[in-house]
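Peer 1: dropping a prediction and its sequence here:
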Amino acid sequence: MVVEFRVERRSGVPTYLQLVAQVRQALRTGALETGDRLPTAKAVVEATAINPNTVLKAYRELEREGLVEARPGAGTFVLRTLARPDSPVDRALRERLREWMAEAAAAGLGVEDVKALVAEAIDRTYEGGRTDG
């Protein structure tokens with residue numbers, strides 16, 4: 001699987017942290033699996049118009065966390081996933097979430113509206129948005 005990075009220039013979040021978060025999300029959802037190769041810094045720069053050092057900083061952070069490994073001349077590869085084993089509970093929750101998202105879109109909610117609702121639900125459910133990682 002290939003990660004397609006998106007950079008939100010007005011988010012206030014440093015670009016390298018946005019890349020790190022997107023890789024973590026891909027690892028958590030199973031979009032990236034152990035052994036997968038991350039895009040080269042050059043490919044990320046071409047797709048996002050960011051500085052190559054920013055990409056390398058993100059990849060170094062992921063390596064420091066033990067999630068990826070840089071192999072000279074070969075690329076950067078996923079060492080471990082953050083995904084939970086697929087279970088009937090997870091599948092059911094994903095399906096309900098997809099249905100809810102479709103309902104929200106049909107009701108005219110935009111991406112920012114949905115993000116706000118989800119952030120509020122996370123804060124209420126997980127005491128201020130704290131997570132396990």
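Peer 2: Structure received. All values reported here derive from a predicted model rather than from experimental measurement. Numbers count the residues shown, from 1 in each chain.

Peer 1: distance check, the residue nearest to residue 11 when sequence neighbours are not counted against residue 120.
Peer 2: In space, residue 11 comes closest to residue 18 once its chain neighbours are excluded; the distance is 7.0 Å by C-beta to C-beta, 6 or more residues apart in numbering. The C-beta positions use only the backbone N, C-alpha and C, and glycine is treated the same way. In this view, residue 18 and residue 120 are 22 Å apart by C-beta to C-beta, to the nearest Å.

Peer 1: thought the residue nearest to residue 11 was touching residue 10?
Peer 2: No - if you go by C-beta atoms under 8 Å, residue 18 and residue 10 don't touch, sitting 11.5 Å apart.

Peer 1: between these two, point out the one with more neighbours.
Peer 2: Higher neighbour count among residue 18 and residue 10: residue 18, with 20 against 5, using other C-beta atoms under 10 Å.

Peer 1: quick check: that one vs residue 111, distance?
Peer 2: Relative to residue 111, residue 18 is positioned 16 Å away (criterion: C-beta to C-beta).

Peer 1: count the neighbours of the closest residue to residue 104 other than its chain neighbours for me.
Peer 2: The shortest distance from residue 104 to any non-neighbouring residue, by C-beta to C-beta, 6+ apart, is to residue 114 (5.4 Å). The burial metric for residue 114, expressed as a neighbour count using other C-beta under 10 Å, is 14.
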